[in-house]
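Chemist: take this sequence and fold it.
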Amino acid sequence: MPTETAHAALFLFAHQDDEFGVFQRILDCRRRGLRVACAYLTDGQTATASAAQRNRESLDVLARLGVAPEDVSFAGGELGIGDARLPQHLGKAADWIGNWLDRYPLIDSLHVTAWEGGHHDHDALHALGVTLAAERGLLGRTRQFSLYQAKGLPGPLFRVLAPLPENGAAVAMAIPWRQRLQHLGACLSYPSQRNTWIGLFPFVLLHYLLRGVEQLQPVAPARLNERPHAGALYYEKRKFFTWEQMQQALSAWRSTPSLQ
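Modeler: Numbering: from 1, shown residues only. Take a look at the predicted model:
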């Protein structure tokens, strides 16, 4: 089947390693014969890791799941959007995503990071993905996936792979034991993010051992006007960003004409 007419499952990520939230979904889509295309909307560069290194790590992980390298786009690098800077670049990110969506005439499904107050880049990308999906009649085929959030937890604590009830009913897909072990191995394949994964991995391990599911939720544009959950958001606790700043960024973007 020519790729131009193949049904495609599309995945929007803010950062290189966000794919850990949908390892099984990507694998299942490939096994169904779908073309899987992934896009990263920040360049991933940090004080200790280059964008190129982080790109290679995600390419290696995605290749193990059957994703072709030509179907992986590093938009953040192309657009000059730095890690943790997506809310400041919503306009050009939206234009890029719109053009990217238009490349796939047969979209089976669209997946985007959840509206959960974990990382401000994740929430910003969710808002972009849901708004553009609504414009293109794709809401019914769009799903969100949780990475981490801190609803009701004290201090710097957070939950991993724990969908918020506020985002609607979660559909859980059981992950076979063999795949659980493979996915855990993939989580250890981001050496540039060692410090981050020291914090994440124990919780991901417990999730795979005790629950062994991957969960997706529907999306709703109305949620973009609501705090992801009551109380302080994780990115507020860490003093990375505030809910008021997110509202201001989204409002400014919506009031600015598209560059297209």
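Chemist: C-alpha only now, for contacts and for neighbours.
Modeler: Fine.
Chemist: hmm, who's touching stretch 138-152?
Modeler: Applying CA atoms under 8 Å, 6 or more residues apart in numbering, the contact partners of stretch 138-152 are 18, 21-22, 108-118, 126, 130, 133, 157-164, 215-220, 229-234.
Chemist: show the buried residues in these.
Modeler: 18, 21-22, 108-118, 126, 130, 133, 158-164, 215-220, 229, 232-234 (16 or more other CA atoms under 10 Å).
Chemist: how about the helices in the stretch 151-260 of the chain?
Modeler: For the stretch 151-260 of the chain, the helices defined by DSSP state H, counting those that start in this stretch occupy 177-187, 194-210, 234-237, 243-254.
Chemist: quick check: which of these is buried the most?
Modeler: Stretch with highest mean neighbour count among the helices of the stretch 151-260 of the chain: helix 234-237 (a mean of 19; mean count of other CA atoms under 10 Å).
Chemist: for that helix, what is the distance to the chain centroid?
Modeler: Centroid separation for helix 234-237 versus its chain: 18 Å, with CA atoms, centre = their mean, to the nearest Å.
Chemist: quick check: mean pLDDT across that helix?
Modeler: What helix 234-237 shows for mean pLDDT is 98.
Chemist: from the contact counts, what lies against the host helix or strand of Ser109?
Modeler: Assigned by DSSP states H and E, Ser109 falls within strand 107-113. In terms of contacts (3 or more CA pairs under 8 Å, 6 or more residues apart in numbering; DSSP states H and E), strand 107-113 is packed against strand 8-13, helix 120-135, strand 142-145.
Chemist: including mean pLDDT and distance to Ile198, could those go into JSON lines?
Modeler: Shown next, in JSON lines, are the helices and strands packed on strand 107-113 (pLDDT from 0 to 100; distance: least, CA to CA, whole Å):
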{"stretch": "strand 8-13", "mean pLDDT": "98", "distance to Ile198": "21"}
{"stretch": "helix 120-135", "mean pLDDT": "98", "distance to Ile198": "20"}
{"stretch": "strand 142-145", "mean pLDDT": "98", "distance to Ile198": "21"}
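Chemist: mind checking which of those is nearest Asp43?
Modeler: Each of the helices and strands packed on strand 107-113 has some distance to Asp43 by CA to CA; the shortest is strand 8-13, at 11.0 Å.
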